[in-house]
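> With the input below, show me the fold.
(chains A and B)
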Amino acid sequence: MLPRSISRHDSNRSRRDPTAPLRHLDPVLLFCSLALAVIGIVAVYAATKSRFGDAYLVRQTAFVLIGVGVMGVIAFVDYHKLHDWAWLFYAATTGLLVLVISPLGSQSKGAQAWFALGPFQLQPAEFSKLSLIGALAFLLSEWKGDIDLRRLVALLAVAGFPMALIMLQPDLGLVLILSIITIALLVVGGVPTKYLAILAVLGVVGVVGVLNSPILKEYQVNRLTAFANPDDKSNPAVYNIDQSKTAIASGGVSGQGLFQGPQTRLGFVPEQETDFIFTSVAEQFGFIGSAVVLGLYGVLCYRTWRIAQIARDPFGTYVCIGVLAMFAFSVFENVGMAMGIMPVTGIPLLLLSSGGSSTITAFAAIGLVLNVHMRRFR
Amino acid sequence: MDTASPRLRMSVIGVVVIGCFAALFARLWYLQVMEAPSLEVQATANRTRTVAVEAPRGRILDRNGKVIVDNRTSLVVTVDRTALRKLPKDQQAALVSKLAATFTDFGTLTKTEALDARLADKQYDDLQPVPVASDVTEELMVYLSERAAEYPSVGVERESVRQYNYPSVAGNILGYVGRINAETLAKVKNDPGVDPDGVKKEYQPDSTIGLAGVEAAYEKDLRGTPGTEEIEIDANNRPVRKVSYQAPRPGSDIQLNIDIDVQMKAEEALREQLRVVRGGQQRDNFGVYRKNAPAGSVVVQDPNNGGVVAMATYPSYDPAEFVNGISQARYAELSDTDGVSALIDRSITGQYAPGSTFKLVTATAALDNGIITARDTVNDKGYYEVGDPPTRFNSTGANGYIALPRALTVSSDVFFYYLGDRMDGTTDIQKTATSFGFDASTGIDLPNESSGFVFTPDEKKALHQKYPQAYPNDTSWYTGDSIQLAIGQNVVAVTPMQLAGAYSALANGGTVYQPHVVNRVLRPSSQIGIPVDDPDTADVLRVIDPVVRSTVELPPGTRDPIVEGLSGVTRSGTAASAFSSFNQSTFKIVGKTGTAQVQGKADTSVFASYAPADDPRWTVAAVLEEAGFGSEAAAPVTRHIYEFLSGQPATPYTFVPPAKVD
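As a prediction, the model looks like this:
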C-alpha cells in the first residue's frame, strides 16, 4: 500500500506544480491555430470539390493531423534543447535546398522546388523558414545585443545563403518571407539603429535595382507591379487580381454560402486552394466570415507577440518574433494580394492554404511558441 | 530615447503588425461592403452568357393557300468542342474516327478528315456544340444516346430546317437559306427585321438567312424571333447550367401570287418542249444550226394587277439541296454546267432580243404617232431597200399588199422594216418601248433583276465611247439600226418578265404593273388554305398592293387593229400549227411569235400572249434559247400552259413544224 500512496502523493504534487509546462499551455493560441486549420480544410474542400472530389479534403485533413502531431512533439521538447540543435536544423535544410536544385529535385509550375515522395511533394524551402529563425535566434541570443559590423555581416550571411539558394528555384515569395523574418529579428535583436537605417536604404535601392534588372523574369515583374497599376489590362496578373477582387466583392456582407461562391466554383479565380484561398473564403462567407478569419490571425499574432514579451530568455523572444514575422507577413501579403493591395507572389496563407510542407511548418512554428510559453518559468 | 531598447523595438514590431491588419480590415470593408453592389454586376456578367436560339422561319404558301415551304425537325449530331478538347489527345482522335465509322455504318459515308475539318471550323461559336451530321435517322439518335458514355462530348439536337412540299419546284422563286457570312452579318446587324410585336430579330454569327429568291427578298418577314437562353459558364467557357430560357417564335408566313399547280405545269411544259426540240436542226437566213435548247423561261402573269402566277426557268435547282449546306463541288456544278447556270432565274435576269414580239411596240408607236393608219397597206415583196446605192433587207417570203393587222398575223418583216425606216431619226419606238416597261428594271420583288435595253442613237454612241472594244467603229446610228429595232433585233434586249408586262399592258388597255410574286404577308402560324381572293382573313399583316410603273397610250384606234392582228396569229398566222389542237371557241388567244437571231447559234424562240381575249386573265411569255423559230418551241410551251389554265385536256409533247415566216 505504501508505494502506492507515495506514488499518488507524487502525482498530486506534480499536478499542483505551478511551473509544470502543461499548466501553461496557451489555450487561446492553440484554439486559434486549430480553428484556422479546420476552416482551411473546409475552404480547400470547397475550392477543389468540383474538380477533384474529396481528394484534397483527405489530403489536407491528413496534413493538419500530421501538423498537430509535429506541433505536439515540438511543444513538449524543451526549447533549450532545440536551441542547441538550431545549427543542425539550419545545416539540414540548407543541405536540402542544395539538393532540391540538383537533379534530385523535381520541377513544377516553373520552379525547381520539390522532392517527389510518392504521392506527396516535399518543399524544403518551407522548413528553411523555421531553421533560419532558429539560427538567427541562436546567434542573436549568444551575442546579447552586442552587434558590431562584423557580426551583422555574419548574420546577413547566415540569412542570405538559404535565400540565394531559394532564389535559384526560383521562389520569390519565400525569399520575401525570409527577408521579413531576418529584418524583424535584426530589429528586435539589438542591431544598432544606424545599421538598420543603412540596411533600409540598401534594401530600397536593392528592390528598385532588382525590378529594373534582368534578374527577374518578365512574369515576376508583372506580378510584383500589378497591384500598383490595376488598370493595365495588358498585364496578365491584373486579370487574376480583378477576378479575385470581383469574387471577394460578390461575397458581400454575409457571403454566398458554403459551396455557393459562383466566381470561385466556376474557376474564374486561379490557384484558389493555395494562393487565393482567402478569395474562396471571402466569397462564400462574406465580410463576416472573412473578418472572423482575419480576427483569428490577429489574435494568433497578438498571442505570439505577447509570448515574445514574457519569454524567459532572449532566445525564446527571438523565436517568437521570428514566428510572428512569418505569420503576420504571410497573412498581410497573401490576403493583401487577393484584395489587390499587395504584389502577386506565391505565398501560401499559413494554416488555410492547401499544402503539406507549409501546413506542417505552420504547426511546428505554433509548437515553438507554445513551447516558449509553457516554459517561461523555468 | 534609446532606440536600441528591446521593449521599444518590440512595440515597433507590434505597431507594424497592427497597421498591416488594420489595412486588411479596411480593404475588406471597402470591397465587400462599399464596392460590393457595383462589382456584383460585373460578377454576374462574368459567369453568364446569353445564347440566341434560332426560330423557325415563316412558311411560304401559294395563292390558294397551299403550303409550298414548311419547316421540319432535323436530327443533328453535334460535338461539344470544349468537352472534346478536355479528353487526352489519342482519345480525341479515336472518338472522331469512331464517330465517322458509326455514321458510315448507319448509311452516311463519312470520312474522319471531314469531321476533323468541321471540328476545326472557326465559324462555329465555341459555346455551342458544332453540328457534324444533319438529318440523321432516329435509329442513330437512339444508338448514340444509349451509348453516351462511349461517345463523350457527342450529342443529338433537334433543329428546325426547311421542308419543301413540292420537291424541285419553284427553286428560282423560293430561293434558299444558308448560314450568314461575316460581311452580310455586318450589313444586317444594324437593321434586323422586327416581328409583329415590335421585337427585333437580331442575327448571330451562326444565324441562317435567306440567300436567294423570296427567302432573301422577304427575309425580314420570314425570319423568326430568336429565343434566348441564358447559361452559366465557368472560367473555361464551359456551360454549367441553364439560368433562363425564352422560346423562339416563328416568322411571318408569306402568301405568293404563284399558283403552285400552274408553276408545275409551266416548268413541265418548258422542260419537255426543250427536250423535244433539242438536237434538231434549224435553217434560217444565215445558215444551219443545231438546236441545243439548253435553257429557257416562261412567265405567267395576271394582267389585271401584275401578280406573277408562275415563273419557270430551266435549268433550275432543288432548294432542298441547300438545307444542310451544299458542297462546294455541287454548288460549282449548279452554277456552271457546260456554261449554263441553274442558279440564275432567266425570267428576270435573262436578256434576249425579243424578235417579232417587239412588233407590238413598233405598231403602237406607228399608230400613236400617226405614221400610218390601220388601213394603210405596204407591198411586201420579200425584201426592203433603203439608201442610194440601196441596201437590201431580206425577209422570208412575200405577202403582197398588206395592212397592219395582217402584217402582225403573218409577221411581215418588210412591213415593219418600212415602219422602222419611217421612224428613223426619231426616238418614237424607244419612247413607246419605255412606256411598255422595257429598258428599265420591272421592280419585281426578287433579287438580281436585269434591266434589258432599247438603244437610242445617243446611247449607242455613248456605249461605243464607254466600251470601244465591244462596240468597235459603231458610233453612228444607221437607218439599218432603226429597221432592226422595228423587228426587235440587235439594239434591243428584254427579259421574259418585261415581255409579259408589255403584253399584260396590251391586255388591260395600257397599264404596266410592277410584277410581284408575293401577294401578302400573314401572321406567324397563320391559318392555311385561304386563297388570296379572300381579302378579309384576320391573319393578314400586310398586302403587297399593285404598283403602276407606266401607262401606254392605247386608244381603240391603236389597240383594236393590233389585237385584231395578234388574234389571228394562233388561228391563221405564224402560230396556227402550234395551236391547231387548241379549242379557242371560249378561250381566244392573242399572241405573237418571235424568232431572235443569235450570232453563230440556233435562234431564240419567243412567244408572248394573253388570254382569254375578251376577259384577259393570264399573260404568258415564253423564251427558249437555241430552240429555233417562235412557232416551233415557245408557242407549243404556251399552248400546253393554256390547256391547263383553260381546263382543256393536256396534249402530248410533240415536235411542231415551224411556220414559214415568224
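> Going by C-alpha atoms from here, please, whenever you check contacts or count neighbours.
Will do.
> In contact with residue B:49, which residues are there?
By Cα atoms under 8 Å, 6 or more residues apart in numbering or on different chains, the residues touching residue B:49 are B:230-233.
> Across the sheet, point out what pairs with it.
On the basis of DSSP bridges, residue B:49 is bridged to residue B:231.
> The longest helix seen in chain A and chain B in contact?
Ordering each helix of chain A by length in residues (DSSP state H) puts helix A:277-310 first. Yes - remark: helix A:277-310 sits within contact range of chain B at A:286-287, A:290-291, A:294, A:298, A:305, A:309, by Cα under 8 Å from any Cα of the partner chain.
> Neighbour count added to the residues you listed, as TSV?
Rendered in TSV, the data for the residues of helix A:277-310 next to chain B read as follows (neighbours: other Cα atoms under 10 Å in any protein chain shown):
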residue	neighbour count
A:286	27
A:287	26
A:290	27
A:291	18
A:294	20
A:298	22
A:305	25
A:309	20
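> which one of the residues you listed sits closest to residue A:149?
Nearest to residue A:149 out of these is residue A:309 (Cα to Cα; 26.7 Å).
> picking that back up, which of the contacts of residue B:49 sit farthest apart?
Looking at those by Cα to Cα, the two members farthest from one another are B:230 and B:233, with 9.5 Å of separation.
> what is in contact with those two at once?
Counting by Cα under 8 Å, 6+ apart, the residues touching both residue B:230 and residue B:233 are B:48-49.
> Between those two, which is the more surrounded one?
Between residue B:230 and residue B:233, residue B:233 has the larger neighbour count (other Cα atoms under 10 Å in any protein chain shown), namely 21 against 17.
> Hmm, residue B:47 and that one touching each other?
Yes - taking Cα atoms under 8 Å as the definition, residue B:233 is a contact partner of residue B:47 at 5.3 Å.
> Now do the same contact list for the residue lying closest to residue A:275 once chain neighbours are set aside.
For residue A:275, ignoring the flanking residues on the chain, the nearest one in space by Cα to Cα, 6 or more residues apart in numbering or on different chains is residue A:348 at 5.2 Å. By Cα under 8 Å, 6+ apart, the contact list for residue A:348 reads A:274-275, A:330, A:334, A:358.
> Which one of those is nearest to residue B:34?
Proximity to residue B:34 was ranked across the contacts of residue A:348 by Cα to Cα; first place goes to residue A:334, at 21.7 Å.
> Not counting sequence-adjacent ones, nearest residue to residue A:287?
residue A:253 (4.5 Å).
> mind listing what the nearest residue to residue B:79 once chain neighbours are set aside touches?
For residue B:79, ignoring the flanking residues on the chain, the nearest one in space by Cα to Cα, 6+ apart is residue B:154 at 4.5 Å. Going by Cα under 8 Å, 6+ apart, residue B:154 touches B:77-80, B:148.
> Just the strands from the stretch 401-550 of chain B, written as ranges.
Taking DSSP state E, counting those that start in this stretch as the criterion, the stretch 401-550 of chain B carries its strands at B:453-454, B:492-493, B:511-513, B:518-522, B:540-543, B:548-551.
> now those in TSV, with mean neighbour count, mean pLDDT and distance to chain A?
Shown next, in TSV, are the strands of the stretch 401-550 of chain B (neighbours: other Cα atoms under 10 Å in any protein chain shown; pLDDT from 0 to 100; distance: least, Cα to the nearest Cα, whole Å):
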stretch	mean neighbour count	mean pLDDT	distance to chain A
strand B:453-454	23	93	60
strand B:492-493	25	94	63
strand B:511-513	28	97	62
strand B:518-522	24	94	46
strand B:540-543	15	91	46
strand B:548-551	15	95	60
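> wait, which of those strands is closest to residue B:289?
Distances from residue B:289 to each of the strands of the stretch 401-550 of chain B were compared using Cα to Cα; the shortest belongs to strand B:492-493, at 21.8 Å.
> partner strands of that closest one, parallel or antiparallel?
Listed by DSSP bridges, the sheet partners of strand B:492-493 and their directions read strand B:453-454 (antiparallel).
> Now tell me what touches the strand it pairs with from outside.
Contacts to strand B:453-454, defined as Cα under 8 Å, 6+ apart, come from residues B:430, B:433, B:438-440, B:491-494.
> Got a ChimeraX select line for the buried ones in those?
Once 16 or more other Cα atoms under 10 Å in any protein chain shown is used to decide burial, the buried members of the contacts of strand B:453-454 can be selected in ChimeraX as follows:
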select /B:430,433,438,439,440,491,492,493,494
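> Inside helices: which ones of the contacts of strand B:453-454?
Restricting these to those inside helices, with DSSP H as the criterion, leaves B:430, B:433.
> of the contacts of strand B:453-454, closest to chain A?
The nearest member of the contacts of strand B:453-454 to chain A, counting by Cα to the nearest Cα, is residue B:440 at 57.4 Å.
> if I pick the nearest residue to that closest one once chain neighbours are set aside, what's in contact with it?
For residue B:440, the nearest residue in space outside its immediate sequence neighbours is residue B:451; the separation is 4.5 Å by Cα to Cα, 6+ apart. Residue B:451 is in contact with B:438-442, B:494-495, counting by Cα under 8 Å, 6+ apart.
> can I get the residues you listed in TSV with distance to residue A:124 and pLDDT?
Supplementary listing: the contacts of residue B:451 in TSV, determined by distance: Cα to Cα, whole Å; pLDDT from 0 to 100:
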residue	distance to residue A:124	pLDDT
B:438	93	96
B:439	91	94
B:440	88	95
B:441	86	95
B:442	87	95
B:494	91	96
B:495	89	96
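> list the buried ones in stretch B:389-409?
Under the neighbour-count criterion of 16+ other Cα under 10 Å, stretch B:389-409 has B:393-396, B:398-399, B:402-409 buried.
> Give me the number of neighbouring residues for the closest residue to chain B within the stretch 1-150 of chain A.
Proximity to chain B, evaluated over the stretch 1-150 of chain A using Cα to the nearest Cα, is greatest for residue A:145 at 8.8 Å. Other residues near residue A:145 number 19, with proximity taken as other Cα under 10 Å.
> which SS state does it fall under?
Taken by DSSP: H, G, I helix; E, B strand; the rest coil, the conformation at residue A:145 corresponds to coil.
> shouldn't it be in contact with residue A:193?
No - the pair residue A:145 and residue A:193 does not pass the contact test of Cα under 8 Å, sitting 11.9 Å apart.
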